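Asker: Prediction below, plus the sequence it came from.
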Amino acid sequence: MERQRVKVYQLDSEGVWEDKGTGSVAVNELVWIHVAYENPPEQDEKRPDLLLKTKIKRDVDFIRQQDTLIVWTEEDGTDMALSFQEQAGCNELWNTIRDIKRKLNGSPDGNIDNLPQTTEEEPVQDERKVGGLVLSKPSMASIKEIEEVMFASSKGAYGRGQLSRAVMQDNFIAELLPLLEMCEDMESLDELYSLSHIVKMIVFLNDSKIYEYLLQDEIFPSIIGLLEYDREYPSAKSNYRQQTSSAKFKQLLPIPDASISAKITQTYRLQFLRDTALARMLDDATFSAMNSMVFFNQVDIISWFVGAGEDYLSKVIGVLNEEDIGEEGLSVKRDDVVLFLHELSGVAKGMQVSLRANYYRTMAKLGLFAIFDYTLVHDDIKIRLAAAAILTSILDHDPSLVRSFCLAQLKQKQPQLLISLLIQRFLNDPDPGLQSQLCELIRTILETDEITGTAISASAVSSDSDVDDFLNLFYDKCVDSLVSPVLAVDSENLDSLESTAASHCSHICEILAFTVKSHSYRSKYYILGSAITSKILLLLRAKETYVKLAALRFFRTCIGMKDEFYNRHLLKHDVFGSILACFRATNGKYNLLNSACLDIFEFIRKENIKSLITNLVQSHKSQFADVTYVDTFKNLVLRYEQNQEVPSAGLGADDESSKPVEKAKPDGWGRMDNDEEAYFNDSDDEDSGSTDSATNSNNLPRSTTGGKTVPLVIVASGPPPSSGKNRPPTVKRSASPLGLVDYEDDDEEDDMFSAAVKRATSPISFISKNGSSSPSLSAKEGSPAPNNPSNGSGNASGKISFSLNKGGIQQQNPIIKRRRTDSFSGEDESGMDTN
C-alpha cells in the first residue's frame, strides 16, 4: 500500500474532534497502521516517532463514513478517525483493512500469521457490499462478526441508512432466523444473545418496510423467539412464543376484506412488540415510529367499518336483538358482541375528531345506545365494565349524544331512561369500582356548561337546545332517586351506616357540589326547597372520615358561590355549629379533616362574607375562642371588629374624622357646622345675589328653568380672604324655582322635610357646557363632596356624591356641585338606605 496523506483526529472528553496533526498512512506486514509525521517535529524524548500507531484486530470495528473518513474505537475506549485528502486513498486503506479483517475472522485464535496466504485473484465467498458496509452470510461462525459490524454501523445516521439497505438485501433476515433453532439445540447461549441483539438493532432502525417484513406470519414467531433471550438478564427467560400462540384472532362474522384482517393482525403484533417484548428498552424514536404505524393502521380499520363495512357492523349489532345467531356454522353470542364493540370503541377513541364523530354517528344510527339496557344489568362484571367503558368513550367525545338519546326516550315514552338506568345501577351495583365509574358518568352527563348570570344571549341559549330540556328532566324525575341514600340518613342509623351506603353518600355529595357550580338556579332551587342540607349536616357526624370530607366539600362549594341565598340558607340550618363541632372532634390533630374545616373559615375571612362572619362571631365564638394553634379564628374576630367600625371620609383639606360626630335630630335633620352657619348668616338676599351674579355672569354657565335664566356662581375651594379655614367649593344660585329655599323660621320643619324628600325623588336639571339639560339623577358613591339638597348621609361623616349625567352621556366640563342647606336622613320615604 502506498502512503496516503491523512489528518488524524481524536474525540476528546467533551465530544469534540481534536486535530492531532497531518501525516502519511501505511499498513505494514504485521497489520499495523502507521501514520508518520508530514513535518517531523524537533527531537523530543516524550514525543512518539509516529503520529499514530494502531493494530488491526478482529474485535476492533473500523467504520467507513462518507467517502473520505474511517472511524474506529481503540481498546482503551478512545475514538479515532482518519480523514483522507483523496477518496482513492481512503478506498485503498479500507480495502486493506477489510481483507485483513476477513482473514482474522477465519482464524481460531485471531492471529493472522497462522492463516494461509491468499492472492487478490481469489474470489471472496458470501460477501455483501452495500455502499461500503459488509454483512457476512449468517452462520454460527459469523454471528459475532455480524453483531459487531451492525453495532458499529448503528451509531450514526449514515451507518443506519446503510444498515437498513443491507438488512433488506438478499433475504438476510430469512437466513438469520433458522440459527435460532440451531443455537437452542446446541444450547449456545452466547450466540443466542448475539442473535437477540442483532434483532433488536434491526427493530431500532425504525424502518416501516422492515416492520412489515418482521410482522409476517412466517417471520414473527422466530423474531419474538429471539427476543426471549437477553444478555443483561440471563436467568430471566421470557415465553413470548407461548403468549402469542395462545392469542387467536376471533371474528364474530367473517370480515369480507382480507386486507383489513391483515391490518388487525399486524396491529396486534406491533403492539405486542411495543408494550411487551421491547417495553423495557424502547427509545423515543422507535416508540414514535411504532405508534405512528399503529395509528395509521387503526385509521384504516375504523374508516372501513364506517364506510364499506357498515353492513358488517349492522349484522353484528343486530345479534343483540337475538339470543344468538348462526352463520355458516359460526355461533355468535351477545357477550362477544359487547366485547367486540368495547374494543372497537377503544380504537375509535384515539382517532381524529372528524373520523370519531363519523364513527359514533354511524353507531348511533345502527342502535349502539340500545345495548346498555342489556349490558349494564348483566350478571358478569366483565360485561358491565365493558359497557361502562363504551359509554365513557361516547361521553368523552360528545355528552350531548347521551342527553339527546334520553330526550328521545322520553318522547317515545319508554319505561326507563338511560340516565335513570345509570342512577339505578349506581345505587345497586355491588362492585365499588364500578360504582365510582358510574358516578363519574352521571357527572359527565350533567356537565352541560350552563351559562350563568342574568344576561344570557339568545344565541348562547340556542347553541344547545337540549340542555334546558334535559336539566328539567333530571331535576323533575331523577334527582330525588339519585339523592335517596342521603335522604334516608337519620340520627338513629348514622352510627350503623354500612360501607356501601357511606360510599353512596360520599359520591352523591360530590355530584351535588358539582351541580351547585354548574347548574346555577336549578340546583339552588332544589337545595333551598328540599331537606338535603339537613341530611348532609348529619353526615358530619359519620364514623367514616371520607364521608365527613365529602359533606365539607359540599358546604365549601356553597360558601364559595358567595351567594346570599346560600348564605342565609346555611345560617338557617346552623351549618357552622355542626362544622365547628366536627372541627373540635379532631382535637387539634394535623390531618385532612382539620385542614378542610380551617379552609372554610379562612375563605370566609379572606372574602369578607359579612353575614357569615357576623354569625360566626356572635353565635359561635365560644366554640373557637380557645383555638390558638392557628391564627384563623383570631383573624376572623379581627375582621368582624373591622366590619363594625363606622367608615368615615374627610371633606376638603380637613380631616373630618377627627371631629366629634353630632347626632341627628329625631326628625331626620342634623345640626349645621360652624362654616355652614356662617355662610347662611351672611347677607344673601336678592340684591346681593343679583350683584354677585352680575359680576360673574359673563363667564359662568346659565340654567334655563321655567323660562328664566339662572346664573351659577362657583366659589373655589381654599381659604377665602376673610376666613382662615378651608371651605368646600360651594355653588350659589340666584332666586329661582330651583334655587335654595330661604326658610324664615324653624316652625316649618315638617314642611321642610317634605320638600326635601320631594326634591330627593324628583329630577334635577343639569346644565352642560353647551346649555343642554339632562333630567336624570344618578348617585355615585365613594368620594367626598359638598352637601346636596337632594340627598343626605346616614351618619354625620359619610357623604354621597351624585353624577348628574344621563345614561352614557359624557360631560366635557367639570361637574358643578350644589350646596345643601342642611343634612338629610339616609332614608327616603320608601325606607331605602341611600348609602
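Answerer: Thanks, I have the structure now.
Asker: quick one: secondary structure of Pro430?
Answerer: coil (DSSP: H, G, I helix; E, B strand; the rest coil).
Asker: roughly how far apart are it and Cys505?
Answerer: 17 Å (CB to CB, to the nearest Å). For glycine as for every other residue, the C-beta is placed from the backbone atoms N, C-alpha and C.
Asker: So between these two, which is more surrounded?
Answerer: Cys505 (26 against 8; other CB atoms under 10 Å).
Asker: Shouldn't the more buried one be within a strand?
Answerer: No: counting by three-state DSSP, Cys505 is not part of a strand but helix.
Asker: all numbers from here: first residue = 359
Answerer: Will do, 359 is the new start, and the previous item becomes Cys863.
Asker: Would you confirm that it contacts Leu845?
Answerer: No: taking CB atoms under 8 Å as the definition, Cys863 is not a contact partner of Leu845, at 10.2 Å.
Asker: Count the neighbours of Ala620 for me.
Answerer: 14.
Asker: gap between it and Leu451?
Answerer: Counting by CB to CB, the gap from Ala620 to Leu451 is 48 Å.
Asker: go on, Pro612?
Answerer: Counting by CB to CB - Pro612 and Leu451 are separated by 62 Å.
Asker: report the longest helix in the protein, please.
Answerer: Counting residues, the longest helix in the chain under DSSP state H turns out to be helix 642-664.
Asker: Pro612 and Leu451: which is more packed in?
Answerer: Of the pair Pro612 and Leu451, Leu451 is the one with more neighbours under other CB under 10 Å, namely 22 against 10.
Asker: hang on, the more buried one in a helix?
Answerer: Yes: secondary structure of Leu451 (three-state DSSP): part of a helix.
Asker: Can you check the pLDDT for it?
Answerer: With respect to pLDDT, Leu451 scores 84.
Asker: which residues of the stretch 809-958 of the chain fall in helices?
Answerer: With DSSP state H, counting those that start in this stretch as the criterion, the stretch 809-958 of the chain has helices at 816-820, 823-831, 837-840, 842-845, 857-876, 878-887, 890-897, 903-918, 922-930, 933-943, 950-965.
Asker: Could you do the stretch 609-758 of the chain as well?
Answerer: 616-630, 642-664, 668-676, 692-706, 711-724, 730-733, 739-755, 757-769.
Asker: Give the pairing partners of the host helix or strand of Arg422; include direction for each.
Answerer: In this structure, Arg422 sits in strand 420-423 according to DSSP states H and E. Strand 420-423 has the following strand partners under DSSP bridges: strand 427-431 (antiparallel).
Asker: then the strand it pairs with to PDB, C-alphas only?
Answerer: Output of strand 427-431 as PDB, limited to C-alpha atoms (Å, rounded to 0.1, in the frame of the first residue of the first chain):
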ATOM      1  CA  LEU A 427     -13.400   9.100   6.600                       C
ATOM      2  CA  ILE A 428     -12.500   5.900   8.600                       C
ATOM      3  CA  VAL A 429     -13.500   5.800  12.200                       C
ATOM      4  CA  TRP A 430     -12.800   3.200  14.900                       C
ATOM      5  CA  THR A 431     -12.500   2.800  18.700                       C
END
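Asker: In terms of secondary structure, what does the next helix or strand after it contact?
Answerer: Note on strand 427-431: by DSSP H and E, the next helix or strand toward the C-terminus is strand 437-442. Applying 3 or more CB pairs under 8 Å, 6 or more residues apart in numbering; DSSP states H and E, we find strand 437-442 packed against strand 362-369, strand 410-413, strand 427-431, helix 445-463.
Asker: Partner strands of the first one, with direction?
Answerer: Spelled out, that is strand 362-369. For strand 362-369, pairing defined by DSSP bridges yields strand 375-385 (antiparallel), strand 437-442 (antiparallel).
Asker: Now that strand: buried residues?
Answerer: Under the neighbour-count criterion of 16 or more other CB atoms under 10 Å, strand 362-369 has 362, 364-367, 369 buried.
Asker: Would you format these as JSON lines with pLDDT and distance to Asn949 included?
Answerer: Output for the buried residues of strand 362-369, formatted as JSON lines (pLDDT from 0 to 100; distance: CB to CB, whole Å):
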{"residue": "Gln362", "pLDDT": "78", "distance to Asn949": "79"}
{"residue": "Val364", "pLDDT": "84", "distance to Asn949": "74"}
{"residue": "Lys365", "pLDDT": "85", "distance to Asn949": "71"}
{"residue": "Val366", "pLDDT": "86", "distance to Asn949": "70"}
{"residue": "Tyr367", "pLDDT": "85", "distance to Asn949": "65"}
{"residue": "Leu369", "pLDDT": "84", "distance to Asn949": "58"}
